[in-house]
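**Q** this one's sequence-less:
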C-alpha cells in the first residue's frame with residue numbers, strides 16, 4: 001500500500017475523534033525539527049546515559065564516558081519518545097527515563113519527539129507501536145539494502161495522530177498496560193511450555209540413543225529364548241554390501257572405524273560405527289551461482305535444511321547450462337549436513353532426503369552429502385542420533401573457527417561416531433521416537449499459533465485504544 005493510501009485509510013478509521021473531545025493532530029506537530037547534538041571526545045571524562053538501538057532489546061541504556069561515544073549523538077531529555085527509523089527494528093519505541101542523573105543522549109538512528117504538555121509520552125509510544133505505522137515506515141524507507149533502510153523524520157509530518165485529552169491519555173495508557181500485562185503473562189506461560197517441549201525432545205532422544213526408550217533386542221531375545229543379529233553383525237553386513245557394490249574407479253578403501261577411547265559404553269548388542277562406515281559415498285556441493293529466477297536445476301542451500309528436515313518452501317536454481325547427472329543428483333537416503341556458517345549452532349545441522357525429487361536436484365557448497373547405506377530405518381536412526389545432545393557436543397568440539405566463520409570438514413564428519421543397535425531394535429526405537437515427537441510437534445504448532453494470536457491481540461488492543 002502506498003503512503004498516501006495508508007494515511008487515508010487511517011484517517012477514515014479515526015475521523016470521528018472530534019465527537020468525543022479528541023483532536024486529529026499529526027505526528028509532524030510533535031517531532032523534533034532540529035536535534036541538539038553532542039560532538040564525541042570533547043568531554044572525555046564526562047559520563048552519559050546513552051540510548052542506543054542495540055540497547056533497546058534490554059530496555060536499559062548504556063552508561064558511557066565521553067571519550068567512548070564515537071559518532072555524533074543527540075541530546076535528549078527525560079520524557080522524550082524515541083522512534084527507531086531503521087530496519088529491522090523500525091517503529092520500535094523507547095521513552096527516555098530517569099535511570100541516572102547523567103546527561104541523556106541518543107544515537108542518530110532515532111526520530112525524536114521531545115516532551116510536550118499535549119501528550120503523555122507512553123501514549124505516543126504505544127501509538128507508534130502499531131503495525132499500521134510499521135508498514136507506513138517500511139513503505140517509505142530509503143537507502144541501500146534491507147537492513148540499512150531508513151526513514152526521514154519529514155516522512156511522518158502529515159501522519160495522523162488522534163490526540164485524546166490528557167486525562168484520557170493516562171487512562172488509555174493504564175488500560176493498555178493492564179491488558180498487556182495479562183498478555184505478557186500468557187506469553188511467558190506459552191514460552192515456558194515451549195521450553196519444556198524442547199527439554200522433552202532432548203530427553204526422548206537421550207533415552208533413545210542410550211538404549212532406554214524401548215526394551216533392547218538383547219533383553220527380548222533372552223526372555224524369548226532366541227538368538228538375534230547384533231549391531232556388530234549388522235555393521236559387518238553393511239560393510240560387506242558396501243564393498244560388493246563399489247563402482248569407483250580407484251581401488252576400494254575400507255572406511256575407518258571410529259575412535260572409541262573416550263566414547264561411552266553401549267547397551268548390550270550395540271556397536272559404534274563411523275559415519276563413513278554407514279555411507280557409501282560423500283561429497284561437497286556446487287559453488288555455482290544460484291538465483292530464484294534461474295531456469296536450471298534446483299540447488300538446495302542452508303535454509304533448505306531446517307528443523308531436521310528438507311524444506312522446499314524457498315528453492316533457488318542453477319543457471320540453465322548447469323548439468324546434474326542422475327548419479328550425482330540428490331536421492332532418498334542422502335544426508336545433507338551444514339558445514340560452514342557464522343552461527344556455531346548451525347554447524348552440523350542435518351536432514352535426510354526421504355522422497356524422490358520431481359527433477360534432478362543438486363546442493364550448494366556450504367553443504368556436505370553423505371549417502372547412507374541400509375534402509376529407511378537406519379537413515380531415521382542416524383538422524384535421531386544426530387539430533388541428540390551427545391552428537392551435538394561431538395560436532396561442536398570438532399568445529400574449527402576462522403574469520404568469524406565456523407567450519408567442519410567432510411573428513412572430520414566421516415569420523416563421527418554413531419551407535420548402531422540391532423536392526424529390529426532400531427525399528428522399535430525409530431517408531432517410538434516418531435510417535436512421541438509427532439505429539440510434541442502437534443503441541444508446538446498449538447503453542448506457536450497461540451503466540452501469534454497473542455501478538456494479534458496486542459495489535460488489536462492498540463487499534464482499539466486509539467480509535468474513538
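**A** Thanks, I have the structure now. Just so it is clear, the structure is predicted and the values come from calculations on it, not from any experiment. Residues are numbered from 1 along each chain as shown.
**Q** contacts and neighbour counts: CA atoms only from here.
**A** OK.
**Q** Shouldn't residue 431 be within a helix?
**A** Yes. Counting by DSSP: H, G, I helix; E, B strand; the rest coil, residue 431 falls inside a helix.
**Q** Any idea how many residues pack against it?
**A** By the criterion of other C-alpha atoms under 10 Å, residue 431 has 16 neighbours.
**Q** same question, residue 167
**A** With other C-alpha under 10 Å as criterion, residue 167 counts 10.
**Q** what's the helix or strand hosting it packed up against?
**A** Element membership for residue 167 (DSSP states H and E) is helix 166-209. Packing partners of helix 166-209 (3 or more C-alpha pairs under 8 Å, 6 or more residues apart in numbering; DSSP states H and E): helix 121-128, helix 376-386, helix 389-398, helix 423-465.
**Q** That one: what's the following helix or strand?
**A** Going down the chain from helix 166-209, the next helix or strand is helix 217-224, by DSSP H and E.
**Q** Any buried residues in that next one, and which?
**A** Under the neighbour-count criterion of 16 or more other C-alpha atoms under 10 Å, helix 217-224 has 217, 218 buried.
**Q** Of all the helices and strands packed on helix 166-209, which one comes closest to residue 218?
**A** Residue 218 lies closest to helix 423-465 among the helices and strands packed on helix 166-209, at 9.0 Å (C-alpha to C-alpha).
**Q** quick check: angle from that closest one to helix 121-128?
**A** Angle, helix 423-465 to helix 121-128, by axes from the mean of the first three to the mean of the last three C-alpha atoms, to 10 degrees: 120 degrees.
**Q** Mind giving me the packing neighbours of helix 423-465?
**A** Applying 3+ C-alpha pairs under 8 Å, 6+ apart, one finds that helix 423-465 contacts helix 166-209, helix 376-386.
**Q** In JSON lines: these, plus distance to residue 336 and mean pLDDT.
**A** Listed next are the helices and strands packed on helix 423-465 as JSON lines, based on distance: least, C-alpha to C-alpha, whole Å; pLDDT from 0 to 100:
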{"stretch": "helix 166-209", "distance to residue 336": "20", "mean pLDDT": "95"}
{"stretch": "helix 376-386", "distance to residue 336": "10", "mean pLDDT": "95"}
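**Q** Okay, now the unreliable bits of the chain?
**A** Applying pLDDT under 70 to the chain flags the ranges 1-20, 144-148, 468.
**Q** now the residue lying farthest from the centre of the chain: how far from residue 106?
**A** In the chain, the residue that sits farthest from the middle, by C-alpha atoms, centre = their mean, is residue 225; the gap is 50.5 Å. Distance, residue 225 to residue 106, using C-alpha to C-alpha, to the nearest Å: 77 Å.
**Q** can you check residue 296 too?
**A** Taking C-alpha to C-alpha, one finds residue 296 at 50 Å from residue 106.
**Q** higher neighbour count, those two?
**A** Neighbours were counted for residue 296 and for residue 106 using other C-alpha under 10 Å; residue 106 has more, 25 against 19.
**Q** Mind listing the residues bridging to the more buried one?
**A** residue 51, residue 74 (DSSP bridges).
**Q** With residue 335 instead?
**A** residue 352, residue 370.
**Q** Spit out the contact partners of the residue nearest to residue 269 when sequence neighbours are not counted.
**A** Spatially, and ignoring its direct neighbours in sequence, residue 269 is nearest to residue 230 (4.9 Å; C-alpha to C-alpha, 6 or more residues apart in numbering). Contacts for residue 230 (C-alpha atoms under 8 Å, 6 or more residues apart in numbering) come out as 269, 270, 421, 422, 423.
**Q** could you dump those to CSV with neighbour count?
**A** Shown next, in CSV, are these (neighbours: other C-alpha atoms under 10 Å):
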residue, neighbour count
269, 19
270, 24
421, 30
422, 22
423, 22
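**Q** what are the phi and psi angles of the residue nearest to residue 269?
**A** Main-chain dihedrals, residue 230, degrees, to the nearest 10: phi -80, psi 170.
**Q** Also residue 274?
**A** For residue 274, the backbone dihedrals (degrees, to the nearest 10) come out as phi -90, psi 160.
**Q** again, but for residue 94
**A** In terms of degrees, to the nearest 10, the main-chain angles of residue 94 are phi -150, psi 130.
**Q** which ones are touching it?
**A** Going by C-alpha under 8 Å, 6+ apart, residue 94 touches 56, 59, 81, 82, 83, 125.
**Q** Report the buried members of these.
**A** Among the contacts of residue 94, those scoring as buried are 81, 82, 83, 125 (criterion: 16+ other C-alpha under 10 Å).
**Q** Which of these fall in strands?
**A** 81, 82, 83 (DSSP state E).
**Q** JSON lines for those, including distance to residue 330?
**A** Listed next are these as JSON lines, based on distance: C-alpha to C-alpha, whole Å:
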{"residue": "81", "distance to residue 330": "54"}
{"residue": "82", "distance to residue 330": "51"}
{"residue": "83", "distance to residue 330": "48"}
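**Q** Pick the one among those residues closest to residue 333.
**A** Distances from residue 333 to these, taken by C-alpha to C-alpha, are shortest for residue 83, at 50.9 Å.
**Q** I'd assumed residue 112 was in contact with that closest one.
**A** Yes. Residue 83 lies in contact with residue 112 (C-alpha atoms under 8 Å); the separation is 6.3 Å.
**Q** what's around residue 271, how many residues?
**A** Residue 271: 20 surrounding residues under other C-alpha under 10 Å.
**Q** same thing with residue 453?
**A** Residue 453 has 13 neighbouring residues, counting by other C-alpha under 10 Å.
**Q** what's it in contact with, if anything?
**A** Taking C-alpha under 8 Å, 6+ apart, we find residue 453 in contact with no residue.
**Q** Report the buried residues of stretch 35-45.
**A** Of the residues in stretch 35-45, 38, 40, 41 count as buried by neighbour count, 16+ other C-alpha under 10 Å.
**Q** and what of stretch 281-299?
**A** 281, 282, 284, 285, 286, 290, 296, 297, 298, 299.
**Q** Surely the first one forms part of a strand?
**A** This means residue 281. Yes. The assignment for residue 281 by three-state DSSP puts it in a strand.
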